[in-house]
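Engineer: predicted model, plus sequence, below.
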Amino acid sequence: MKPFYSLIVSLTSILINFCSIFNSKAKGFLDGRKNTHKIIRDFKLKGTNSLGLSVIWFHCASLGEFEQSRPLIEKVKKFLPEYKIAISFFSSSGYNVKKNYELADWTGFLPMDKKKEINFLINFLNPKILILVKNEFWPNLLYCMKEKKIPIISISCNFRSKQFFFSPWAVWFLKAIKTINHFYTSDIETKKILKKKNINNTTMVGDTRIDRVLNILNKKKEFKIINDFINNEDCWIAGSTWKEDYSLFTDYIHSKKSPKVIIAPHDCSAESISAITKKLNIPYSLWSSYSFKGDHSKKVLIIDTIGVLKYTYKYAKWAYIGGGMGGNGLHNILEAAVYDIPIIIGKNFFDFPEATDLIKYGTCFSVSSDIEFEKVTQLISNDIKRKPINNYDFIKKQEGATDEIFSGLKKILVEA
């Protein structure tokens with residue numbers, strides 16, 4: 001299967017090259033990797049063959065995984081300042097937002113999973129350890145690290161038995177995953193699944209996103225635009241939305257029942273923003289062009305920039321979190337829940353333990369149609385008047401994953 005996998009990677013690379021001619025995302029994917037390769041070559045031309053002797057390498061798929069890694073990065077910088085931090089991304093959306101992250105000594109792209117390209121990056125970074133955030137596994141990356149005897153840990157990982165690498169035909173992929181030195185799982189179910197596959201080097205610590213959202217809660221950021229837009233009225237937020245989500249609540253927005261709404265799509269490209277605005281037949285304002293002279297009178301504010309959403313949930317009476325109506329995966333509901341507001345999500349949430357937990361707790365609601373959406377908004381509006389929401393205490397009890405992972409990390413670094 002390895003030769004077949006290598007063929008798939010090569011064909012994918014060719015396809016991306018072709019698509020980059022007319023697709024901006026593919027072009028960003030390709031250009032980012034070319035730029036990372038050039039930066040490393042420039043370092044080497046100046047006589048710097050590696051980033052350093054003490055490097056901790058974090059790999060994140062995108063921005064969401066970076067947010068999960070952030071509490072651990074901050075702890076490393078505070079208590080192990082002698083180590084440099086390298087961060088690689090798979091997606092251009094994550095890299096573009098965090099390429100100048102102040103605590104990183106180097107940021108770049110993970111190349112396509114080809115041995116030669118992976119080794120080129122490893123030799124430059126010269127890491128003491130690789131930290132994979134959530135479910136980001138690349139066979140050639142794992143095997144190259146094993147050959148160089150560089151330890152790997154997986155943090156906040158979340159496995160489900162139906163995932164393809166647990167299938168009989170993917171034994172070769174699971175074998176690669178088994179090269180990981182330790183798994184710090186986000187839930188007990190993952191630990192049980194790994195045990196069934198004879199993977200016992202696991203510790204259930206919970207999700208580092210818990211620590212991250214609690215940190216965000218304490219930052220107390222204020223936004224003049226949002227204060228002006230809300231203008232002392234009620235407001236709800238539709239966060240991290242995809243095109244599949246809009247059919248649930250567009251009619252509701254147009255109705256008199258809906259208070260003001262802030263929409264923050266997952267993708268802030270011109271195409272994505274256009275997909276939203278075409279569905280609206282009422283005046284709206286954009287964050288990037290907001291006018292304090294008259295936009296506060298409009299009903300809809302669209303946040304067309306990245307990095308703001310996680311601080312805005314405190315302004316909302318309740319929130320809808322996107323991703324659950326399609327196959328993209330439910331986005332981070334904890335960022336909203338920590339502000340003690342009810343959450344509405346789409347129908348596809350079963351692979352997300354935090355959603356299941358909050359549904360059982362009674363503060364998160366799954367819907368699959370616009371009719372259900374409207375019924376739930378009425379329900380939670382009445383509940384808010386009748387009793388306070390207390391997600392914070394529920395979330396607070398689950399903090400501490402970062403501390404446990406950091407303790408394990410220090411032990412591995414001593415042995416490395």
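Structural biologist: That came in fine, so what should we check first? Numbers count the residues shown, from 1 in each chain.

Engineer: which residues in the stretch 1-150 of the chain form helices?
Structural biologist: 2-19, 24-45, 63-79, 92-98, 115-125, 139-147 (DSSP state H, counting those that start in this stretch).

Engineer: so which of the ones you listed is nearest Asp393?
Structural biologist: Ranking the helices of the stretch 1-150 of the chain by proximity to Asp393 (Cβ to Cβ) places helix 63-79 first, at 19.7 Å. (Glycine included, C-beta is placed from N, CA and C.)

Engineer: show me which residues of the closest one are buried.
Structural biologist: 63-77 (16 or more other Cβ atoms under 10 Å).

Engineer: and Phe365, helix, strand or coil?
Structural biologist: Classification of Phe365 by DSSP: H, G, I helix; E, B strand; the rest coil places it in strand.

Engineer: which residues touch the closest residue in space to it that isn't next to it in sequence?
Structural biologist: Once flanking residues are discounted, Phe365 sits nearest to Val376: 4.7 Å by Cβ to Cβ, 6 or more residues apart in numbering. Remark: with contacts taken as Cβ atoms under 8 Å, 6 or more residues apart in numbering, Val376 is in contact with Ile344, Phe365, Val367.

Engineer: could you pull up the mean pLDDT of the one helix or strand the first one maps to?
Structural biologist: In the assignment (DSSP states H and E), Ile344 maps to strand 343-345. If you average the pLDDT over strand 343-345, you get 97.

Engineer: confidence score at the closest residue to Asn390 other than its chain neighbours?
Structural biologist: In this structure, Asn390 finds its nearest non-sequential neighbour in Asp340, 6.1 Å apart by Cβ to Cβ, 6+ apart. Confidence at Asp340, expressed as pLDDT, is 93.

Engineer: could you report the neighbour count for Asp340?
Structural biologist: Asp340 has 18 neighbours, counted by other Cβ atoms under 10 Å.

Engineer: what kind of secondary structure is it in?
Structural biologist: Reduced to three states by three-state DSSP, Asp340 is coil.

Engineer: I'd say it and Phe394 touch.
Structural biologist: No: with contacts counted by Cβ atoms under 8 Å, Asp340 stays clear of Phe394, the gap being 9.8 Å.

Engineer: what about the stretch 301-416 of the chain, any weak spots by pLDDT?
Structural biologist: 383-387, 416 (pLDDT under 70).

Engineer: now the residue nearest to Phe365: how far from Asp295?
Structural biologist: 29 Å (Cβ to Cβ, to the nearest Å).

Engineer: what does Asn281 give?
Structural biologist: 17 Å.

Engineer: who's in contact with Gln68?
Structural biologist: By Cβ under 8 Å, 6+ apart, the residues touching Gln68 are Cys60, Val133, Lys134, Ile155, Ser156, Asp207, Thr208, Arg209, Arg212.
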